[in-house]
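# fold the following for me, if possible:
(one chain, ligands or ions: 1)
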Amino acid sequence: MSSSGDCGCSKTVESHSREALVDLIVREVSLVLQAKRAGRSSVMDAGSRKIPLGVSNRHIHLTAATFRRLFGEKTAFEQMRPLYQPGEFASKHTLTIVGPKLRSIPGVRILGPLRRYDQVEVSLTDAVFLGIDPPVVNSGSLGDAAPLTLVGPGGSVYIEKCAIIASRHIHMTNSDAGRLGVKDGDRCSVRVTGEKSTVFENVLIRTNDNWLLQIHLDTDDANAANIREETFVEFLGKM
Ligand SMILES: [Zn+2]
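Numbering: from 1, shown residues only. Here you go, the predicted structure:
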């Protein structure tokens, strides 16, 4: 079986086959095991400012009501695999997202658990393709979000405010935040080394004591810096 980590291709998860998905699962599980072995917060040892990278492909969060409208009353919302952050998971379910020019992207995965709002997180590349102009905001800030139609096996729903480009952000515990000299809501910068070394600014700090230390970049940011998962970024400090 070929590994998506070895193929050197910058395609999105969708363009890859099921094999890539299996590789992704293996990678996620090994990261969780590594983190568990190291003890949650000590992924970043004292003195080390390395933060593990997670690359977020386009994905969807739904309310239970919207899920029922798209999949019918009889379909249960089911987990496919756990994600790195405790309690979060990739569900078995995908949707097609359709923009105002009727351009569509199929196979966009719904992440669980179900939420109190409907939200589609896309990259700017996706947005340009779909013909929408979503704001760059923190997850859940949907006041200026862009419209999309979601199409599932049981129906379709037009949602006037659902599409956003998620702000770059770092998940961490309050104890990690204390060690790094930041607090929830702060903005910081991080450095990526390598052939396409880059400094990312305006990275939002998000704290929750259940979270594992991890930076989330979307596929546009990760591709711009030529980085994949299984890599670390260096924390530079508060802006
Ligand atoms: Zn995140």
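
# mind listing the helices for this protein?
18-38, 64-71, 124-130, 174-180, 219-224 (DSSP state H).

# hey, least reliable of the ones you listed by pLDDT?
Ranked on mean pLDDT, the bottom entry among those is helix 18-38, at a mean of 60.

# show me what the residue lying closest to residue 227 once chain neighbours are set aside bridges to in the sheet.
In space, and not counting its chain neighbours, residue 227 is closest to residue 192: 5.7 Å by Cβ to Cβ, 6 or more residues apart in numbering. Quick note: C-beta positions are derived from backbone N, CA and C, even for glycine. When assigned by DSSP bridges, residue 192 has beta-bridge partners residue 198.

# can you tell me how far the spatially most central residue of the chain sits from residue 85?
Taking Cα atoms, centre = their mean, the centroid of the chain lies closest to residue 56, which sits 3.0 Å from it. Separation of residue 56 from residue 85 (Cβ to Cβ, to the nearest Å) stands at 11 Å.

# just residue 133 next, same as before
29 Å.

# and residue 152, by the same measure?
The gap separating residue 152 from residue 85 is 25 Å, by Cβ to Cβ.

# please tell me I have it right and residue 229 contacts residue 54.
Yes: applying Cβ atoms under 8 Å as the test, residue 229 and residue 54 come out as touching, 6.3 Å apart.

# end-to-end on stretch 81-98?
End-to-end distance for stretch 81-98, by Cα to Cα, to the nearest Å: 26 Å.

# buried ones in that stretch?
By 16 or more other Cβ atoms under 10 Å, the buried positions in stretch 81-98 come out as 82-85, 89-91, 93-95, 97-98.

# just stretch 187-202 next, same as before
For stretch 187-202, the neighbour count (16+ other Cβ under 10 Å) marks 188-190, 192, 200 as buried.

# looking at the buried residues of stretch 81-98, spot the one nearest residue 70.
Distance ranking of these against residue 70, using Cβ to Cβ, places residue 95 first at 6.4 Å.

# the closest one pairs with what?
residue 108.

# ends of stretch 164-183, what's the gap?
Termini of stretch 164-183 sit 24 Å apart (Cα to Cα).

# would you map out the domains in this protein?
Split into domains by automatic domain parsing, the chain comes to 13-55+168-238, 57-166.

# worst average pLDDT in those domains?
Among those, domain 13-55+168-238 carries the lowest mean pLDDT (a mean of 84).

# check the gap between residue 182 and residue 96 for me.
In terms of Cβ to Cβ, residue 182 sits 39 Å off from residue 96.

# now residue 114
Distance, residue 114 to residue 96, using Cβ to Cβ: 19 Å.

# buried residues in the longest strand seen in the chain, which are they?
Once the chain is assigned using DSSP state E, the strand that runs over the most residues is strand 155-166. Neighbour counts over strand 155-166 (16+ other Cβ under 10 Å) mark 157, 159, 161-166 as buried.

# can I get these in a markdown table with distance to residue 108?
Converted to a markdown table, the buried residues of strand 155-166 look like this (distance: Cβ to Cβ, whole Å):
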| residue | distance to residue 108 |
| --- | --- |
| 157 | 14 |
| 159 | 13 |
| 161 | 17 |
| 162 | 12 |
| 163 | 11 |
| 164 | 14 |
| 165 | 15 |
| 166 | 14 |
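
# quick one on the thing from earlier: ok, so of the buried residues of stretch 187-202, who is nearest residue 215?
Closest approach to residue 215 among the buried residues of stretch 187-202 (Cβ to Cβ): residue 190, at 6.4 Å.

# that closest one contacts residue 204, doesn't it?
No: at 11.4 Å, residue 190 does not count as touching residue 204 under the criterion of Cβ under 8 Å.

# now do the shared contacts for those two.
Counting by Cβ atoms under 8 Å, 6 or more residues apart in numbering, the common neighbours of residue 190 and residue 204 are residue 170.
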